[in-house]
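**Student:** Fold the stuff below for me.
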Amino acid sequence: MESPSSRIKELLREHGEPPRHIYYDLENSGWVPPEVVEAMLPYFNTKGYGHPSITHKVGWEALEIVYETKELLARTIGAKDVEEIVFTHSGTEANNLAIMGYLLKNRQRKGKVIVSAIEHLSVIHPAEYLAELFGFQVQRIPVDTEGFVDPEMLKYYVDKDTILVSIQMVNHEIGTIQNIRELVDTAKTINSNLVFHTDAADAYGWMPIDVDKLGVDLLTISSHKIHGPRGGGRSLREKRNRAGLSNKRSTQCREALAWRRKCSSHSRFQEGYRAILQ
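**Tutor:** Numbering: from 1, shown residues only. From the prediction side, this is the model:
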């Protein structure tokens with residue numbers, strides 16, 4: 001039986017080598033510049049390669065670079081406290097953690113979750129999975145022909161039962177730039193207790209981001225969207241979100257995500273969540 005890698009090699013052979021290569025897929029990912037690779041190399045085998053939770057020299061070096069990176073990142077998004085920043089393995093996991101973590105924390109409330117119709121699937125899918133498990137009501141708010149969410153339409157969807165709204169800052173397919181501040185104000189005027197999440201993966205590095213000016217409670221970004229290494233996502237939890245992620249629930253989210261990768265069917269996926277939460 002032919003292996004998947006063999007089939008991919010055959011596809012590459014059939015594709016051939018074009019006389020000129022122009023890469024137009026930077027929205028999905030891109031190369032890592034030499035200067036970035038050079039800056040990262042020492043931490044593979046020279047310094048800071050220890051576990052950042054262990055109290056020895058290379059562990060402290062690892063912890064040092066973690067916090068230096070958090071401090072740098074915080075300055076770029078206007079975050080006041082580096083402890084609000086959580087590193088993940090990808091933008092997808094950051095979105096999963098934000099949505100799943102908050103909904104797991106509030107699973108007894110069984111409220112309404114609003115997402116735009118063109119959100120990334122790493123937002124829509126976890127919201128819908130947990131809706132099936134715990135009885136949340138997920139509503140996809142439509143967008144206009146240019147991908148914008150109409151604030152007047154948002155008023156129609158938000159009510160006193162709404163616990164979470166997720167609308168991305170810049171759309172990953174058509175590039176629509178939402179007015180997040182206006183949407184946050186619109187939603188919270190109706191229900192000040194809801195939590196507002198924005199997926200800013202396609203905004204970070206391309207336009208100014210200030211979490212206080214945006215007014216969001218949860219914000220997620222990804223490194224490979226700005227020529228960073230793949231396998232790096234960031235989730236920001238604002239401290240004003242008192243009903244946000246607890247350490248216990250964050251652990252449960254990670255366990256749930258690990259189970260999801262192992263499951264071969266949706267039913268087994270649901271069984272995994274139930275087992276984790278018992």
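**Student:** Could you measure from the closest residue to residue 155 other than its chain neighbours over to residue 175?
**Tutor:** Excluding its sequence neighbours, the residue lying closest to residue 155 (C-beta to C-beta, 6 or more residues apart in numbering) is residue 186, at 6.1 Å. For glycine as for every other residue, the C-beta is placed from the backbone atoms N, C-alpha and C. Going from residue 186 to residue 175 by C-beta to C-beta, to the nearest Å gives 22 Å.
**Student:** neighbour-wise, which of these two wins?
**Tutor:** For residue 186 versus residue 175, neighbours defined as other C-beta atoms under 10 Å are more numerous around residue 186 (19 against 12).
**Student:** In contact with the more buried one, which residues are there?
**Tutor:** Applying C-beta atoms under 8 Å, 6 or more residues apart in numbering to residue 186 gives the contacts 151, 154-155, 158.
**Student:** Likewise for residue 215?
**Tutor:** Residue 215 sits next to 180-181, 184-185, 188, 196 when contact means C-beta under 8 Å, 6+ apart.
**Student:** Now with 6 Å, please.
**Tutor:** Contacts for residue 215 (C-beta atoms under 6 Å, 6 or more residues apart in numbering) come out as 181, 184.
**Student:** coming back round to it: need phi/psi at the residue nearest to residue 155.
**Tutor:** Torsion angles at residue 186 (phi, psi; degrees, to the nearest 10) stand at phi -60, psi -50.
**Student:** what's the burial count for the closest residue to residue 162 other than its chain neighbours?
**Tutor:** The shortest distance from residue 162 to any non-neighbouring residue, by C-beta to C-beta, 6+ apart, is to residue 112 (4.5 Å). Using other C-beta under 10 Å, residue 112 has 21 neighbouring residues.
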